[in-house]
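Novice: Got a sequence here, can you build the structure:
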Amino acid sequence: MDHLYIVSYDVSNQRRWRRLFKAMHGYGEWLQLSVFQCRLGRMRMLELEDRIREIVNHREDHVLILDLGPAENVKPHVRSIGKSFEPVKRESVIV
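Specialist: Now for the predicted structure:
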């Protein structure tokens, strides 16, 4: 069962920030500068966590992963000022 996650990061080094930004594109939808919305199953989430650990400096950088729960049951109540917000839509999975 997929869960909906919000991943936000504060990476002090520009090169690491870019690497993490590029890596995140394979896992979720970019919402703004350092924030992604991801709809992932357990294995993909563990894979993402491993990828993040490989990139960040554990003494200088900070990554927050918020698990909003099962994606089918989550109805995000988001207030957006400026550009409109669109939750991640369910996509078919190819195994």
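Novice: okay, how far is it across stretch 18-31, tip to tip?
Specialist: The straight-line separation of the ends of stretch 18-31 (CA to CA, to the nearest Å) is 15 Å.
Novice: Paired strands for the lowest-mean-pLDDT helix or strand in the chain, with orientation please.
Specialist: Of the helices and strands making up the chain, the lowest-confidence element is strand 29-32, at a mean of 88, by mean pLDDT, DSSP states H and E. Its sheet considered, strand 29-32 pairs with strand 35-40 (antiparallel) by DSSP bridges.
Novice: Helix or strand next in line after the partner strand, which one?
Specialist: Sequence-wise, the next helix or strand downstream of strand 35-40 (DSSP states H and E) is helix 42-55.
Novice: And the contacts of that following helix?
Specialist: 3, 5, 7, 9, 16, 19-20, 23, 27, 38, 40, 63, 65 (CB atoms under 8 Å, 6 or more residues apart in numbering). (C-beta placed from N, C-alpha, C; glycine too.)
Novice: buried ones in that helix?
Specialist: For helix 42-55, a neighbour-count test (16 or more other CB atoms under 10 Å) marks Arg44, Met45, Leu48, Arg51, Ile52, Ile55 as buried.
Novice: okay, that helix in PDB with CA atoms only?
Specialist: C-alpha atoms of helix 42-55 as PDB (Å, rounded to 0.1, in the frame of the first residue of the first chain):
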ATOM      1  CA  ARG A  42       7.400   0.600   1.600                       C
ATOM      2  CA  MET A  43      10.300  -0.700  -0.500                       C
ATOM      3  CA  ARG A  44      10.600   2.500  -2.600                       C
ATOM      4  CA  MET A  45      10.600   4.600   0.600                       C
ATOM      5  CA  LEU A  46      13.400   2.500   2.000                       C
ATOM      6  CA  GLU A  47      15.300   2.900  -1.300                       C
ATOM      7  CA  LEU A  48      14.700   6.700  -1.200                       C
ATOM      8  CA  GLU A  49      16.000   6.800   2.400                       C
ATOM      9  CA  ASP A  50      19.200   4.900   1.400                       C
ATOM     10  CA  ARG A  51      19.700   7.300  -1.500                       C
ATOM     11  CA  ILE A  52      19.300  10.400   0.800                       C
ATOM     12  CA  ARG A  53      21.800   8.900   3.300                       C
ATOM     13  CA  GLU A  54      24.300   8.500   0.500                       C
ATOM     14  CA  ILE A  55      24.100  12.100  -0.500                       C
END
